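Participant: Predicted model, plus sequence, below.
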Amino acid sequence: MEETLPTRNRLANSGLGVAPAVVGLAYAVQAERGAPRLLAVLAVLGFAALAVRGCRLGVTYDHSRITIRGYLRTRVIDREHIKEVTDFPAVRWTARNGRERWTPLTAFLTNTGEFSTTRIHKERALKKLRQWVREGGERGRAKTAVPR
């Protein structure tokens, strides 16, 4: 199952990279040759990547794992390692080495300036994700509780 955002939110998330990329592009065109132009081009490429990542923010999960796409990285977590989905929202999980970790669900962060329909969509997506986590935990407990 994939939980993404409405188009208007995806475009807004892209704005974090698009606006600085446009400014950097304007500077690159006007800059003299050499280091300033090269740095401006590199900045434009970085902000363009940030814009694409912003558009792709979301969560995908199936029966065995979850894939969380954020602005800077994509993390894949096995279902059995997930402890809970917090109110932040974030996924609390345990790494293979036993270390406690958490990964924010950037796509589902809310703020006071967004549309109520968007907030409702995010809340529903988090509710489905929490249910998915609970079902996995219950199935795991049932397997270990059955005597052999």
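Facilitator: Nice, I can see it. Numbering: from 1, shown residues only.

Participant: Going by C-alpha atoms from here, please, whenever you check contacts or count neighbours.
Facilitator: Noted.

Participant: For burial, what's the neighbour tally of residue 39?
Facilitator: Applying other C-alpha atoms under 10 Å, we find 13 residues neighbouring residue 39.

Participant: got the residue ranges for the helices in this protein?
Facilitator: 7-30, 35-55, 116-145 (DSSP state H).

Participant: ranking those helices by burial, who's on top?
Facilitator: helix 35-55 (a mean of 19; mean count of other C-alpha atoms under 10 Å).

Participant: From the contact counts, what lies against it?
Facilitator: Helices and strands touching helix 35-55, as assessed by 3 or more C-alpha pairs under 8 Å, 6 or more residues apart in numbering; DSSP states H and E, comprise helix 7-30.

Participant: Contacts for the helix it packs on next, please.
Facilitator: 36-38, 40-41, 43-45, 47-57, 118 (C-alpha atoms under 8 Å, 6 or more residues apart in numbering).

Participant: Go again with 10 Å.
Facilitator: When contacts are defined by C-alpha atoms under 10 Å, 6 or more residues apart in numbering, helix 7-30 is touched by residues 4-5, 31, 36-58, 71, 106-107, 114-115, 118.

Participant: what angle do it and helix 35-55 make?
Facilitator: 170 degrees (axes from the mean of the first three to the mean of the last three C-alpha atoms, to 10 degrees).

Participant: just how off-centre is helix 7-30 within its chain?
Facilitator: Distance of helix 7-30 from its chain centroid, counting by C-alpha atoms, centre = their mean, to the nearest Å, is 19 Å.

Participant: could you turn it into CSV, dropping everything but the C-alphas?
Facilitator: The C-alpha coordinates for helix 7-30 follow below in CSV (Å, rounded to 0.1, in the frame of the first residue of the first chain):
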residue,chain,number,x,y,z
THR,A,7,-1.0,16.9,-5.8
ARG,A,8,-1.1,20.4,-4.3
ASN,A,9,0.9,19.2,-1.3
ARG,A,10,3.4,17.4,-3.4
LEU,A,11,3.9,20.7,-5.3
ALA,A,12,4.3,22.6,-2.1
ASN,A,13,6.9,20.2,-0.8
SER,A,14,8.8,20.6,-4.1
GLY,A,15,8.9,24.3,-3.5
LEU,A,16,11.5,23.8,-0.8
GLY,A,17,13.9,23.0,-3.7
VAL,A,18,12.4,24.8,-6.6
ALA,A,19,12.5,28.4,-5.3
PRO,A,20,16.3,28.3,-4.3
ALA,A,21,17.0,26.5,-7.6
VAL,A,22,15.5,29.3,-9.6
VAL,A,23,17.5,31.9,-7.7
GLY,A,24,20.6,29.9,-8.1
LEU,A,25,20.0,29.5,-11.8
ALA,A,26,19.5,33.3,-12.2
TYR,A,27,22.8,33.8,-10.4
ALA,A,28,24.6,31.2,-12.5
VAL,A,29,23.5,32.9,-15.7
GLN,A,30,24.8,36.3,-14.4
